[in-house]
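[1] this one's structure only:
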């Protein structure tokens, strides 16, 4: 009788995290961003936006309407706590970066157990996520 090997597969990420570029792309009805969001929802993947992304995308004026619709449609906004801040600081140090908001987005993904970060700036986020295989940086 032949033995069969079980293939161990990494389960797909269960969370899609939107950075500022992704929120702006969705607010502009970008087809790739919309398709990614639709596929995540269809697969039952949780979608969230770190609160620091809202600080980057909202200015308190009528021009925020489209961004506000994206935020409302996603529904879950995560707020960094002390642990997330400490992880972000360590990421900044390891990557020799000063991109605090990007570090907080990646740290949020780490603290949530991993996921896909949809971004318009993959080259800024990839060094921050280095060494964290559960965090996948996905360009728009």
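    Here it is on my side, so go on. Just so it is clear, the structure is predicted and the values come from calculations on it, not from any experiment.

[2] For this protein, just list every one of the strands.
    15-18, 46-50, 76-78, 115-119, 135-139 (DSSP state E).

[3] Give me the sheet partners of the last one and which way each runs.
    With DSSP bridges as the criterion, the sheet partners recorded for strand 135-139 are strand 115-119 (parallel).

[4] tell me which residues of the strand it pairs with are tucked away?
    Buried positions in strand 115-119, judged by neighbour count with 16 or more other Cβ atoms under 10 Å: 115-119. The way it works is simple: take the backbone N, C-alpha and C, and place the C-beta from them, glycine included.

[5] how about JSON lines for these, with pLDDT and distance to residue 47 added?
    Output for the buried residues of strand 115-119, formatted as JSON lines (pLDDT from 0 to 100; distance: Cβ to Cβ, whole Å):
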{"residue": "115", "pLDDT": "94", "distance to residue 47": "9"}
{"residue": "116", "pLDDT": "96", "distance to residue 47": "10"}
{"residue": "117", "pLDDT": "97", "distance to residue 47": "11"}
{"residue": "118", "pLDDT": "97", "distance to residue 47": "9"}
{"residue": "119", "pLDDT": "97", "distance to residue 47": "14"}
